[in-house]
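In: predicted model, plus sequence, below.
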Amino acid sequence: MADQKEKLTIVMFSGDLDKALAGFILATTGASMGMDVTIFFTFWGLNIIKRNEGSIRSKGLMRKMFNVINRGGAKRLTLSKFNFLGLGRWMIGKLMKEIHTPTIDEMITMAKEMGVKLVPCSTSCGIMGVPEDAFRDGVMSLAGAAYFLNEARQSKVTLFI
Amino acid sequence: MADQKEKLTIVMFSGDLDKALAGFILATTGASMGMDVTIFFTFWGLNIIKRNEGSIRSKGLMRKMFNVINRGGAKRLTLSKFNFLGLGRWMIGKLMKEIHTPTIDEMITMAKEMGVKLVPCSTSCGIMGVPEDAFRDGVMSLAGAAYFLNEARQSKVTLFI
Amino acid sequence: MADQKEKLTIVMFSGDLDKALAGFILATTGASMGMDVTIFFTFWGLNIIKRNEGSIRSKGLMRKMFNVINRGGAKRLTLSKFNFLGLGRWMIGKLMKEIHTPTIDEMITMAKEMGVKLVPCSTSCGIMGVPEDAFRDGVMSLAGAAYFLNEARQSKVTLFI
């Protein structure tokens, strides 16, 4: 146990681009510091790890409707502020590109390569009608709140974003 | 001290239905895992544990006005997203009912029965003019930020929602 | 090490007045309880510790534009709710004054005097084009996510606000 890696566990509740960036900057930084990092995606946060391509095949009319208005995919995320200008996502993208910051889509790929575990919340998937094949490659199996709390109680740092 | 239960402490700052659900799913899961769970309600989060019935008797015109526009009660909470469609709360209610998830109102009752401590923040109540009798049965006495920090520093997991 | 102070570390991601109040009430309470408190300001949270006076001199047209629409300064913060009424900030200001709560501007000054460390996130400053002289007196040097995680892993309580 003495050589066990310190854990960082993040609940990613929000699906806003700015909060997703904060989450993945912390996750990749933690991994590069040698931490064992898990991100648990709930509610709107599930949108971050959905595939960018194709559509989502939900069961039932309500869930089909819901997954049209709440499509998701890292390339579709929007800012929590200034989006009414239609400028938000475009502007932050330009600002990030100018200083050579990777996009959120690239950060997700980096995070997986660095061993960050990306875990979708099973309860949220059930409520929102998100099937397991809606997620991009490399995402882990669904798990529930008990899985998260068990990780969190062993973690040095736990954040709800 | 060796057999003391592990603590989970949540600050519930938001009064959004989706965040309230996340908070109570975590709280009830923690309690079912044998954790000692406290939720500390501040600012908009106070709305979650207000009584659904009756009106709130604040002192002073400003506080009376504020408590009309910010009425609260678990049955009045709205989603942080898609509420402009007027659909949000109704849709999530239907989706939850279909898979037999309890409502937020039922979860609060369940949480109390499982021993989760529901504590309103005294400073927030002071600023917002919320009298102690505005809260539903089973809510604990008001307590301040020092109470929360004292719980949190003894906790395995602390979340700000 | 035995007499080391317990640490409280806060990520202040939001620039909303209500969340800033929550952050500074917790920070000053923690400091008064003898905790060693650090607030790490990222994204919109940077607005809280920007100077109220003068304008921000960014490089490049995009960043100049961005810093006009996202000016910041503690006296310009707005509530996350009810702001559409144009009432939000004014009303909460009145409510706080009536019960003699300090303003957020006064709380920031108090926090610094109590030894709370206010640290702007270097990555956020880079993306948003915020120069180091945009911040009010007493703010520390810029630091990155690794600095935050190193503080957080030594902390009894870590919150993402």
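Out: Received it, and whenever you're ready, just let me know what you need. These figures come from a predicted structure and were not determined experimentally. Residues are numbered from 1 along each chain as shown, chains lettered A, B, ... in the order given.
In: the residue lying closest to residue A:24 once chain neighbours are set aside: what secondary structure?
Out: Using C-beta to C-beta, 6 or more residues apart in numbering or on different chains and skipping the chain neighbours, the partner closest in space to residue A:24 is residue A:107 (4.1 Å). Just so you know, the C-beta spots here come from the backbone N, C-alpha and C atoms, and that holds for glycine as well. Secondary structure, DSSP: H, G, I helix; E, B strand; the rest coil: residue A:107 is helix.
In: can you give me the pLDDT of residue A:107?
Out: Here, the pLDDT recorded for residue A:107 equals 97.
In: hang on, isn't residue A:105 packed against residue A:76?
Out: No: look at residue A:105 against residue A:76 with C-beta atoms under 8 Å: they stay out of range, at 10.2 Å.
In: shared neighbours of these two, anything?
Out: residue A:52 (C-beta atoms under 8 Å, 6 or more residues apart in numbering or on different chains).
In: next SSE downstream of the longest helix seen in chain A?
Out: Secondary structure of chain A per DSSP state H: the longest helix is helix A:17-32. For helix A:17-32, the following helix or strand on the C-terminal side (DSSP states H and E) is strand A:36-41.
In: hmm, that next one touching chain B?
Out: No: using C-beta under 8 Å from any C-beta of the partner chain, strand A:36-41 never reaches chain B; the gap is at least 10.5 Å.
In: hmm, who's touching that strand?
Out: A:5-12, A:23, A:27, A:30-31, A:48-49, A:111, A:114-121, A:124, A:143, A:147-148, A:151.
In: now, which of those residues lie within helices?
Out: A:23, A:27, A:30, A:31, A:111, A:124, A:147, A:148, A:151.
In: mind listing what the first one touches?
Out: Same thing as residue A:23. So residue A:23 contacts A:10, A:12, A:39, A:48, A:159, A:161 (C-beta under 8 Å, 6+ apart).
In: quick check: phi and psi on the fifth one?
Out: With angles defined as degrees, to the nearest 10, residue A:159 shows backbone torsions of phi -130, psi 140.
In: which non-adjacent residue is nearest it?
Out: Nearest non-adjacent residue to residue A:159 (C-beta to C-beta, 6+ apart): residue C:160, at 4.3 Å.
In: so for stretch A:63-72, what gets flagged as buried?
Out: Residues of stretch A:63-72 classed as buried by neighbour count (16 or more other C-beta atoms under 10 Å in any protein chain shown): A:63, A:66, A:67, A:70, A:72.
In: actually stretch A:115-128, not the one I wrote
Out: For stretch A:115-128, by 16+ other C-beta under 10 Å, it's A:116-128.
In: got it, and stretch A:9-25?
Out: So, applying 16+ other C-beta under 10 Å, buried residues of stretch A:9-25: A:9-25.
In: also stretch A:131-142?
Out: A:134, A:135, A:136, A:139, A:140, A:142.
In: how about residue A:105: what's its closest non-neighbour residue?
Out: Once flanking residues are discounted, residue A:105 sits nearest to residue A:74: 4.3 Å by C-beta to C-beta, 6+ apart.
In: can you count the residues close to that neighbour?
Out: Residue A:74: 23 surrounding residues under other C-beta atoms under 10 Å in any protein chain shown.
In: show me which residues of chain A sit near chain C.
Out: A:6, A:8, A:18-19, A:21-22, A:25-26, A:29-30, A:32-33, A:35, A:80-82, A:85, A:91-92, A:94-96, A:98-99, A:101, A:156-161.
In: among those residues, name the buried ones.
Out: A:6, A:8, A:18-19, A:21-22, A:25-26, A:29-30, A:33, A:35, A:80-82, A:91-92, A:95-96, A:101, A:156-161.
In: residues in contact with stretch A:68-82?
Out: A:14-20, A:44, A:46-53, A:55-56, A:88-89, A:91-92, A:103-105, A:108, A:128, A:134, A:136, B:81-82, B:85, C:15, C:44, C:69-70.
In: average pLDDT across that stretch?
Out: 89.
In: leaving out the residues flanking it, which one is nearest to the spatially most central residue of chain A?
Out: A centroid search over chain A (C-alpha atoms, centre = their mean) returns residue A:48, at 4.3 Å, as the residue closest to the centre. Nearest non-adjacent residue to residue A:48, counting by C-beta to C-beta, 6+ apart: residue A:20, 4.9 Å away.
In: ok, that neighbour touching residue A:50?
Out: No: using C-beta under 8 Å as the test, residue A:20 is too far from residue A:50 to be in contact (11.9 Å).
In: report the secondary structure state of residue A:63.
Out: helix.
In: does it really touch residue A:125, like I thought?
Out: No: with contact defined as C-beta under 8 Å, residue A:63 does not reach residue A:125; the gap is 10.6 Å.
In: what does chain A have sitting close to chain B?
Out: A:11, A:13, A:42-44, A:60, A:62-63, A:65-66, A:69-70, A:123, A:126-129, A:144-146, A:148-150, A:152-153, A:155, A:158, A:160.
In: which stretches of chain A have low pLDDT?
Out: A:1-3, A:84-86 (pLDDT under 70).
In: how does it look with 50?
Out: For chain A, the stretches with pLDDT under 50 are A:1.
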